[in-house]
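Asks: Could you work out the structure for the sequence below:
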Amino acid sequence: MRNIKLTLAYDGAKFHGWQIQPGVATIQGSLTDAVRKITQEPVSIYGASRTDAGVHALGQVASFKTRSMLRAEELRRAMNALLPAEIRVVAAEEMGSDFHARWQAQEKTYHYRIFRNEVVSPFEYQRVLHYPYPLDEEAMCAAAKCFEGEHDFSSFTASSGSEETDKDRSPVRMIFRSELERHPEQEEIIYVVTGKSFLRYMVRKIVGTLLEVGRGKLRVEDIAGVFEARDRSRSGPTAPPEGLYLVGLKYPEPWKI
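Replies: Predicted coordinates:
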């Protein structure tokens, strides 16, 4: 069996997230349909991150195994011919048999775009969070640094919908980078966060909390208390999905992107 790695970009606005669901369009479902048509095999595709409905990607990674003798580049071209225009296979390459897009990922980096101008371009609709109202961006920058390091993120996640899953899932996560970048020429601020793994809605809950700091409803010094409370109601609201992008992943040297 050959092991193929795909690097993907997609506009998630029209899709119900990554994971296959009956009766609705998903990223994984679209990829699986395309690969099965090409290879005529019951292929299973694994993604590095199960992005939510409406979330976008610039550097998602997926992998699958196949007996097809088509070269990786031929698979890429064939998939792009079959996939919806909102999903593109940016690159495809054959990897060693041990490579797995999800389990070998060491770091994931997300960006969340907040557009600050009064008028948002129709070409950015459903691709940014439009927030033209006053924000204390300096306080938001200071608050963003509070999320770096290892923390219990119970206050910054959503229930999986299963008590058993939530009970067995550790809420402790390591964040390597958490900061706001100002892009005045584009009239937007971008929240940049890198970690090994993330809980459900975790990035969007952090962004919602940073916005509460920017509005003056929370102080930077309140963040520590929100962590300690382990209570979702203490953090900010979950930010909408349209501003969130999975921009890249890092793998160990043998599987380096």
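
Asks: Neighbours of M202, how many?
Replies: Counted with other CB atoms under 10 Å, the neighbours of M202 add up to 22. To be clear about C-beta, it is placed using only N, CA and C from the backbone, and glycine gets the same treatment.

Asks: ok, so what distance separates it from S49?
Replies: 12 Å (CB to CB, to the nearest Å).

Asks: and what of G59?
Replies: For G59, the distance to S49 - CB to CB - is 10 Å.

Asks: domains of the chain?
Replies: 2-104, 107-248 (automatic domain parsing).

Asks: any idea how far the residue nearest to T32 when sequence neighbours are not counted is from E185?
Replies: Nearest residue to T32 in three dimensions, chain neighbours excluded: I45, at 5.2 Å (CB to CB, 6 or more residues apart in numbering). Distance, I45 to E185, using CB to CB: 38 Å.

Asks: So which of those two has more stuff around it?
Replies: Neighbour totals were compared for I45 and E185, and I45 leads with 23 against 6 (other CB under 10 Å).

Asks: Surely that one and L31 touch.
Replies: Yes - counting by CB atoms under 8 Å, I45 does reach L31; the two are 5.1 Å apart.

Asks: contacting residues for the spatially most distant residue from the centre of the chain?
Replies: Distance to the chain centre peaks in the chain at M69, reaching 31.8 Å (criterion: CA atoms, centre = their mean). Counting by CB atoms under 8 Å, 6 or more residues apart in numbering, M69 touches no other residue.

Asks: which SS class is it?
Replies: coil (DSSP: H, G, I helix; E, B strand; the rest coil).

Asks: cool, A158 as well?
Replies: Relying on three-state DSSP, one would call A158 coil.

Asks: part of a helix, is V226?
Replies: Yes - V226 sits within a helix when classified using three-state DSSP.

Asks: On the pLDDT front, check it for me.
Replies: In this model, V226 is scored at 97, pLDDT.

Asks: cool, D166 as well?
Replies: For D166, the pLDDT comes out at 57.

Asks: How about P252?
Replies: pLDDT, P252: 89.

Asks: What's the local residue count around it?
Replies: Using other CB under 10 Å, P252 is surrounded by 10 other residues.

Asks: I figured it was touching A105, is that so?
Replies: No - contact criterion CB under 8 Å: P252 and A105 do not qualify, at 9.4 Å.

Asks: For T51, list the residues it contacts.
Replies: 12, 17-18, 27, 57, 60, 244, 246.

Asks: Among those, which ones are in helices?
Replies: I27 (DSSP state H).

Asks: Go through the contacts of T51 and name the one nearest F123.
Replies: Of all the contacts of T51, F123 sits closest to G12, with 16.1 Å by CB to CB.

Asks: Would you agree the closest one is in contact with L58?
Replies: No - when contacts are counted by CB under 8 Å, G12 is not listed as touching L58 (11.2 Å).

Asks: who's more crowded, those two?
Replies: For G12 versus L58, the count of surrounding residues by other CB under 10 Å is larger for G12: 27 against 15.

Asks: Now do the contacts for the more buried one.
Replies: Taking CB under 8 Å, 6+ apart as the test, what G12 contacts is 27, 51-57, 86, 241.

Asks: switch the cut-off to 10 Å
Replies: By CB atoms under 10 Å, 6 or more residues apart in numbering, G12 lies in contact with 18, 26-27, 51-57, 60, 86-87, 126-127, 241-242, 244-246.

Asks: and the residue farthest from the centre of the chain, how far is that from T39?
Replies: 10 Å.
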